[in-house]
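Asker: based on what follows, work out the 3D shape:
(one chain, ligands or ions: 1)
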Amino acid sequence: MSLIKKLGISIKRKPIKREWLGLIEEYRNWLPVSEQTPIITLQEGGTPLIPLESINQLIGKGVKVYAKYDGLNPTGSFKDRGMTMAISKAKEAGCEAVICASTGNTSASAAAYARRAGMRAFVLIPDGYVAQGKLAQALVYGAEVIAINGNFDLALDIVRELSEKYPITLVNSVNPFRLQGQKTAAFEIIDFLNDAPDWLCIPMGNAGNITAYWMGFEEYFKENKSTKLPKMMGFQASGSAPLVLGKIIKEPETIATAIRIGNPVNKEKAMEVKKKSNGEFISVTDKEIIEAYKLLGKEEGIFCEPASASSVAGLLKCKENIPEKSTIVCVLTGNGLKDPDCAIENNDASFHSKVDANTTEICKIIGF
Ligand SMILES: Cc1ncc(COP(=O)(O)O)c(C=O)c1O
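Answerer: Presented below is the predicted three-dimensional model:
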């Protein structure tokens, strides 16, 4: 008998921390992969569900709101969930190059995963409308960046045509493997809450993500992993709201450049999600987006992209209609560091510059 046992001392062991293997390994049985699929991963997924106390208080009614902070993925956005699948499957098929159109995040993610898989990555972006951080990422990850004189919708038409004519795989959300990977965020939410939320609030651009979440919620529900399906609340910026207005927007405009999309490729699928979930699609102004963006930063310590803040802006806009004691998840799709220009222009902080480096001056500012 060991001395510890003889002395009657009990040692509480810390649970062994298991390494997160990336979403394909974590949810292998739910994804179209086999032993032959080479898994290209940066250990994406497993992002936190963070309680938003200040939002709970603004809404009242015993409502519990969480942020699914997908800005903590390896390249800083939810796109990594889809990209690990799309690039793994492209690698399995022997592909040597991928292409995408992007408002920024897809290009960063495609570049990172493609280069990790030893492939070339071509990315088409609307010149002048991609946040600095995202452009920096695509360049550092070694993408071949082509900035066009045209918007995202035009870029997408071009890459679709090129991928049909040449041996180059399209990795926008029309690639079905993208949505397969992205649906795992819904699994994670249910695994964490032990049930589906009552509402899921999500920004919409091409509407791939809302479609993927719904797929995940439905799949888990069918396997009795949840007792209900959420109401899917999709939000768009008011200057770029084709799904709310039910028509193509030729010249979409919004501060939330990630969702500056006038002709969403997944519109039929999104409309189906809205119908099946008894959901709603609502637009929020840039002003409302920035208010939510600032609130998340200064009250919750969460720095997200303006596009992501539209989920919280939208929730606050319909707060009168939220049923008592609901559990709500707002998806924060991207990290705020991606768009430093927006952050520097839109905050309520006091910033004293060119201050003399002595305690007297600094005490004056602090107020002592
Ligand atoms: C940060 C961010 N949020 C939301 C979206 C919209 O996602 P989806 O196009 O799947 O609707 C995007 C798309 O680029 C994005 O980058």
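
Asker: what residues does the one helix or strand residue 185 maps to touch?
Answerer: Assigned by DSSP states H and E, residue 185 belongs to helix 184-193. Outside helix 184-193, the residues within contact range by Cβ atoms under 8 Å, 6 or more residues apart in numbering are 23, 26-27, 30-31, 45-47, 49, 66, 68, 70, 78, 81, 196-197, 200, 212-217, 219-220, 225-226, 327, 329, 331. The C-beta positions use only the backbone N, C-alpha and C, and glycine is treated the same way.

Asker: among these, which ones are in strands?
Answerer: 49, 66, 68, 200, 327, 329, 331 (DSSP state E).

Asker: how many neighbours does residue 189 have?
Answerer: Counted with other Cβ atoms under 10 Å, residues neighbouring residue 189 total 26.

Asker: cool, the one 4 residues further on as well?
Answerer: Applying the criterion other Cβ under 10 Å, we find 15 residues in the vicinity of residue 193.

Asker: distance check, the most centrally placed residue in the chain against residue 154.
Answerer: What sits nearest the mean C-alpha location of the chain, by Cα atoms, centre = their mean, is residue 333, with 2.2 Å. Separation of residue 333 from residue 154 (Cβ to Cβ, to the nearest Å) stands at 23 Å.

Asker: all strands of this structure, in order?
Answerer: Under DSSP E, the chain gives strands at 49-51, 64-69, 97-101, 120-126, 144-148, 169-170, 199-203, 231-237, 280-284, 327-332.

Asker: interface residues of the chain facing the ligand?
Answerer: 77, 103, 105-106, 173, 203-209, 258-259, 305, 307-308, 333-334 (Cβ under 6 Å from any ligand atom).

Asker: domain ranges for this protein, per the record?
Answerer: Per the record, the chain has its domains at 51-76+178-336, 79-174, by automatic domain parsing.

Asker: may I see those organised as CSV, with distance to residue 346 and mean pLDDT added?
Answerer: Formatted as CSV, the domains of the chain follow (distance: least, Cβ to Cβ, whole Å; pLDDT from 0 to 100):
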stretch, distance to residue 346, mean pLDDT
domain 51-76+178-336, 5, 98
domain 79-174, 13, 97
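
Asker: export those domains to a markdown table and tack on distance to residue 363?
Answerer: Below are these laid out as a markdown table (distance: least, Cβ to Cβ, whole Å):
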| stretch | distance to residue 363 |
| --- | --- |
| domain 51-76+178-336 | 24 |
| domain 79-174 | 36 |
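
Asker: so which of those domains is nearest residue 349?
Answerer: When those are compared by Cβ to Cβ, domain 51-76+178-336 sits nearest residue 349, at 8.0 Å.

Asker: ok, back up a step: buried ones among the contacts of helix 184-193?
Answerer: 23, 26-27, 30-31, 45, 47, 49, 66, 68, 70, 78, 81, 196-197, 200, 212-217, 220, 226, 327, 329, 331 (16 or more other Cβ atoms under 10 Å).

Asker: what's the neighbour count on the closest residue to residue 58 other than its chain neighbours?
Answerer: In space, and not counting its chain neighbours, residue 58 is closest to residue 316: 6.5 Å by Cβ to Cβ, 6 or more residues apart in numbering. Residue 316 has 19 neighbouring residues, counting by other Cβ under 10 Å.

Asker: residue 316 and residue 293 touch, don't they?
Answerer: No. The pair residue 316 and residue 293 fails to qualify as a contact (Cβ atoms under 8 Å) at a distance of 11.9 Å.

Asker: now the closest residue to the ligand within the stretch 51-200 of the chain: how far from residue 169?
Answerer: Across the stretch 51-200 of the chain, no residue is closer to the ligand than residue 105, which sits at 3.6 Å (Cβ to the nearest ligand atom). Distance, residue 105 to residue 169, by Cβ to Cβ: 18 Å.

Asker: and for residue 218?
Answerer: 27 Å.

Asker: what of residue 182?
Answerer: For residue 182, the distance to residue 169 - Cβ to Cβ - is 17 Å.

Asker: neighbour count: those two, which is higher?
Answerer: More crowded of residue 182 and residue 169, by other Cβ under 10 Å: residue 182, with 28 against 22.

Asker: contacts only, for the closest residue to the more buried one other than its chain neighbours.
Answerer: Distances taken as Cβ to Cβ, 6+ apart put residue 212 closest to residue 182, at 3.5 Å, once the chain neighbours are dropped. Residue 212 sits next to 81-82, 173, 178-183, 185-186 when contact means Cβ under 8 Å, 6+ apart.

Asker: so which of those residues is the closest to residue 278?
Answerer: Distance to residue 278 across these (Cβ to Cβ) is lowest for residue 186, with 16.9 Å.
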